[in-house]
Structure formats: C-alpha cells, structure tokens
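Undergrad: Okay, predicted coordinates and the sequence, questions at the end:
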Amino acid sequence: MHLILILSLFFSQNIFVINSHPVAQTQRARIVPELDIIYVEWQGSQGAVFTVRHKAENSQSWKYIRTSETNVRIPLDQYEESKQIQIQIKNERENTNWSEEIIIDNTKKMNSSPVQKRGASPIAVNPTQLQPPLQFNAKIIGPTNVQLKWQPVVGAQNDVYYLVNVKQLTTSSGSTLQNQQIKTAATSFTLGKMISGEKYEMTIRSATSQDRISQNAAIVEITMPRETEYFEIGNLIISSHFKTASQGVVNLTWQVPPTMQNRIMAYHVEYAEAGDENNWQKIQFHGASSSAALNHLKSNTEYVLRIKTQLVNNIMTESGQFRFKTPRVETNPIQKVDVIYSHDINSVKLQWILKSHIQTDKVAGYDVYMSEDKDLPDSQWKVIRLNNKESSLSMDDLKSKTVYYVRVNVRNFDGSIIRAPSVYRFKTIDWSNTNSDSIFNPFD
C-alpha cells in the first residue's frame with residue numbers, strides 16, 4: 001500500500017538548490033522545524049500538472065503528491081528516523097522524466113536547530129489559499145472494504161468540506177472501471193463494495209464551495225487484496241500467570257488459516273494501560289508464530305491490546321482493540337503458623353508471625369477462617385473475629401483425628417483487609433489412642 005501525503009510551509013531554514021532540469025527551471029527544498037515540514041518549490045510552465053515523489057534514503061517505496069501549483073509541503077513526522085530524504089519532481093502534461101534528486105539532510109533537524117543559509121528568503125504563501133488535509137491514508141479492513149482517514153489543516157475554516165475521488169485503475173475481469181466522488185465534512189469514512197485484487201487511486205481536496213476548491217490534492221494508491229490474501233486476528237485467547245504483583249506473564253494465542261501459512265511476514269503487538277493509550281508499548285516478531293508473550297505487566301491492571309499483521313503483499317491489517325485485566329496477586333501477610341495442641345482436651349492453639357512488610361501499628365485485629373473442606377466458598381467457612389493485636393487463637397471443641405484448614409486475614413484500623421492467599425492445614429490427634437509418650441505432628 002502506498003500513501004501519498006501533502007502539506008504546506010511558511011518559513012524555511014535549510015535550503016538545497018540543484019541545477020536546472022527540463023521539468024523545472026529552479027528547484028529547492030527547505031526544512032521548517034517550527035512546522036515540522038519540508039517546503040518544496042520550483043518554477044514551471046503555467047497550467048502544468050506536477051507530481052512530486054519523496055522517500056527515505058534506504059526505502060524502496062515512494063510517496064506521491066499531485067498538484068497544479070509550483071510548491072508542496074511534505075510532513076516530516078513520517079521521516080523522524082531518516083537521516084536523508086530524497087525528492088523528485090515530474091511534469092505530467094509534458095511527459096518529462098523525473099528531475100534530479102533533491103537530497104534533504106535531516107540530521108540537523110534531529111540533532112539541533114538548523115541555521116538559515118545566506119541568500120535564503122522566506123516563501124510568501126497566500127493565507128487564504130485552501131490546502132488539502134494532512135495525513136491522508138487508507139487502511140484496508142477487508143478484501144472489499146477500506147477506511148480513509150485524514151487530519152484537517154490547522155486553522156482551517158469552519159465551513160470547509162472535502163471532496164474524495166475514488167478511481168479504479170485496473171480491471172481483471174474486463175468490466176468498466178468505476179469512478180465515484182464523495183463529499184463529506186467528516187475526517188474519515190469507510191468505503192465498501194471495492195473489488196478485491198484491483199488497484200485504486202484516491203484523491204482528496206478541501207473545499208468551501210463549488211467555486212473554491214484546493215488546487216493541491218493528497219493522493220493515495222492501494223491494491224485491494226484477494227480473499228485468499230487477507231488475514232486479520234479476530235479471536236484471541238489471553239491467559240496469564242502472576243507470581244507476584246510485578247512478576248508475571250500474559251500469553252496471547254490465535255489461529256491462522258491454512259491458506260495463510262507462509263503468507264504472514266510479521267506481527268506488531270501494541271499494548272497500553274487503559275486510560276493511557278498515548279503510551280503504547282510495542283513488540284514485533286516473525287509471522288511464523290501464532291502466539292506471543294507479554295512480560296513486565298502489572299497485576300490487577302486493565303490493558304488495551306491491538307495486533308497489526310504484516311502480510312507478504314505489503315498489506316498491514318489491524319485487529320480491533322482487545323481489553324483484558326491481569327489477575328490480582330495477594331501478598332501473604334503471614335510468615336508462619338504454629339499449632340500447639342494438648343493431649344488432655346480436644347482443643348488446639350494457633351499462633352502466627354506476621355511478615356516484616358506488615359506495619360503492626362496499623363493492625364486492629366484478625367479474621368481467622370476455619371473449615372474442614374478447603375473447597376467451600378468463603379461464606380461457608382467458620383469465621384472467628386479477633387479485635388486485638390494478639391497473634392494467637394485457642395480453638396475448642398474440635399473433632400478427633402480430623403483435618404482442618406485455616407486462613408488468617410489481617411484487619412487494619414482504616415477498615416482495609418489484607419487477605420492471606422495461603423491456606424494452612426493441620427490434623428487433630430486421635431484422642432482414643434494417645435498416651436503421654438506419643439509424638440504427634442499436627443501438619444500430617
């Protein structure tokens with residue numbers, strides 16, 4: 001998929017001039033860091049239509065702008081990691097060759113504020129001149145559906161609307177090529193009933209009336225995938241395991257149809273805490289795998305997740321957003337529980353030691369849960385409430401030779417409860433077969 005974007009510029013800092021060429025008498029481009037754009041201008045014959053293409057130095061894919069004016073603006077945000085940017089211009093009506101390359105040095109923009117070269121003068125731009133929207137792009141969301149999206153120009157008039165022309169460029173069946181125009185005040189919409197396998201060109205212009213339409217247009221070209229060439233993750237299995245609040249892993253698993261085996265280049269997984277979607281964490285891995293593991297996530301936290309699938313036909317599909325919440329990890333407040341029993345009566349004494357991280361001055365008491373069946377819900381356990389800091393409890397009237405399960409929760413003065421995830425097990429002695437010399441382990 002090729003995206004062609006167009007932007008605009010007012011002042012300049014770095015100027016690069018090359019020799020004249022049949023396509024234009026003079027060509028130059030300059031970076032304006034305040035607007036984060038490259039301004040390109042040239043001289044050409046009146047009434048001509050020009051195509052400007054640009055790309056990063058090591059990229060094989062050009063991006064295009066078509067205009068009847070002799071200047072364009074290129075957004076720099078798409079070249080944040082590129083040291084050099086190549087630009088060429090072509091006169092379509094005269095069918096000339098591409099001009100010599102204009103090379104933009106982006107390292108100065110990345111590292112420091114560039115200095116304007118002597119002889120450079122600001123470009124005068126008519127503030128009333130309509131400009132096409134920014135960041136015009138097309139996202140394929142199915143073999144016959146594509147979503148178009150763009151951003152309004154900063155300071156655009158309130159009554160501005162957009163004219164989107166959709167032109168079918170190829171036809172495998174030999175049927176008539178389809179063309180349509182959409183008028184909208186929105187900044188995105190979805191096109192349906194596209195023909196899979198065919199190539200399309202979309203152009204967008206700003207307008208305020210039938211007589212006032214931007215001369216420049218942003219252009220995007222796409223090839224719709226065939227049914228057998230398209231895949232996006234629909235059903236996702238999410239499982240997680242946390243040992244501590246900060247030590248855990250979330251596993252992602254999905255299924256890939258047999259027809260798409262070896263047709264997926266890579267997966268791009270992005271996730272962020274819910275409510276903090278401006279801080280996406282990203283990982284990338286090979287398309288041969290249909291699973292991923294996310295580490296360094298917090299427990300008891302809701303996350304938003306999306307997965308982009310890069311196919312061999314250079315189509316990038318994106319799943320919808322998935323939401324999941326990591327499990328809560330209870331930190332055990334109890335370090336140790338001892339059972340002290342008596343040979344003479346059917347009772348035992350429990351005593352416990354708190355872990356060092358528990359602030360004892362905040363402890364108001366304890367809730368001791370006891371049951372003969374550890375699988376019963378909490379509501380069916382016997383609860384003994386202790387309203388003091390004494391970390392012990394005598395338990396009477398217990399059954400002989402019976403296994404009991406206990407859990408001790410800590411209750412603070414502010415009403416908060418520190419739940420103990422650990423359950424302790426002990427067994428009462430057989431009162432009928434005991435003697436003073438017997439040795440009994442209550443945890444057997």
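TA: Alright, I've got the coordinates.

Undergrad: Going by C-alpha atoms from here, please, whenever you check contacts or count neighbours.
TA: Fine.

Undergrad: For the residue nearest to the spatial centre of the chain, give its distance to W98.
TA: In the chain, the residue lying closest to the centroid (C-alpha atoms, centre = their mean) is E270, at 3.6 Å. Per C-alpha to C-alpha, to the nearest Å, E270 is found 39 Å from W98.

Undergrad: cool, and Q215?
TA: From Q215 to W98 the distance is 22 Å (C-alpha to C-alpha).

Undergrad: circling back to that earlier point, from E277, how far out is the residue nearest to the centre of the chain?
TA: 10 Å.

Undergrad: try I384
TA: Taking C-alpha to C-alpha, one finds I384 at 45 Å from E277.

Undergrad: same deal with Q46?
TA: 48 Å.

Undergrad: of these two, who's got more company?
TA: E277 (13 against 9; other C-alpha atoms under 10 Å).

Undergrad: Could you list the low-pLDDT ranges of the stretch 201-350 of the chain?
TA: 343-345 (pLDDT under 70).

Undergrad: Once you drop chain neighbours, what's closest to W98?
TA: K90 (4.9 Å; C-alpha to C-alpha, 6 or more residues apart in numbering).

Undergrad: State whether that neighbour is indeed within a strand.
TA: Yes - counting by DSSP: H, G, I helix; E, B strand; the rest coil, K90 is part of a strand.

Undergrad: got a list of what it touches?
TA: V23, F50, T51, V52, T96, N97, W98, S99 (C-alpha atoms under 8 Å, 6 or more residues apart in numbering).

Undergrad: from what I can see the last one touches E92, true?
TA: No - judged on C-alpha atoms under 8 Å, S99 makes no contact with E92 at a distance of 11.9 Å.

Undergrad: Give me the more crowded residue out of these two.
TA: S99 (20 against 17).

Undergrad: I'd assumed the more buried one was in a helix, is it?
TA: No - according to three-state DSSP, S99 belongs to no helix; its state is coil.

Undergrad: okay, it: pLDDT?
TA: You'll see S99 listed with a pLDDT of 86.

Undergrad: Straight-line length of stretch 310-327, end to end?
TA: 31 Å.

Undergrad: Report the contact partners of E273.
TA: So E273 contacts T301, E302, Y303, V304 (C-alpha under 8 Å, 6+ apart).

Undergrad: Turn the residues you listed into CSV, columns for neighbour count and distance to N158.
TA: Putting those into CSV (neighbours: other C-alpha atoms under 10 Å; distance: C-alpha to C-alpha, whole Å) gives the following:
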residue, neighbour count, distance to N158
T301, 13, 41
E302, 16, 38
Y303, 19, 37
V304, 18, 34
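
Undergrad: quick one: which of the residues you listed is nearest E57?
TA: Using C-alpha to C-alpha, V304 is the member of these that lies nearest E57, at 34.7 Å.

Undergrad: Heading C-terminal from the helix or strand where the closest one lies, find the next helix or strand.
TA: Using DSSP states H and E, V304 sits in strand 302-311. The C-terminal neighbour of strand 302-311 among helices and strands, as given by DSSP H and E, is strand 316-318.

Undergrad: Within its sheet, name the partner strands of that next one and how each one runs.
TA: strand 302-311 (antiparallel) (DSSP bridges).

Undergrad: so how far is the strand it pairs with off the chain centroid?
TA: 6 Å (C-alpha atoms, centre = their mean, to the nearest Å).

Undergrad: Please apply the same query to stretch 192-208.
TA: 27 Å.

Undergrad: That one: end-to-end distance?
TA: OK, stretch 192-208 end separation, C-alpha to C-alpha: 26 Å.

Undergrad: quick one: buried residues of it?
TA: 194-207 (16 or more other C-alpha atoms under 10 Å).

Undergrad: tell me the domain boundaries of the chain?
TA: Here the domain assignment for the chain is 2-111, 134-228, 231-325, 334-433, based on automatic domain parsing.

Undergrad: What's the end-to-end length of the second one?
TA: End-to-end distance for domain 134-228: 33 Å, by C-alpha to C-alpha.

Undergrad: next one: it to chain centre, how far?
TA: Going by C-alpha atoms, centre = their mean, where domain 134-228 is centred and where its chain is centred differ by 25 Å.

Undergrad: do the first one as well
TA: With C-alpha atoms, centre = their mean as the basis, domain 2-111 stands 31 Å off its chain's centre.

Undergrad: re the thing from before, out of the domains of the chain, indicate the one that is most buried.
TA: Each of those was scored by mean neighbour count; the highest is domain 2-111, a mean of 18, by mean count of other C-alpha atoms under 10 Å.

Undergrad: about what we covered before: tell me which two in the buried residues of stretch 192-208 are the farthest apart.
TA: G197 and A207 (31.8 Å).

Undergrad: Touching stretch 232-252 from outside, list them.
TA: So stretch 232-252 is contacted by 253-255, 291-300, 307-309, 317-320, 324, 326-331 (C-alpha under 8 Å, 6+ apart).
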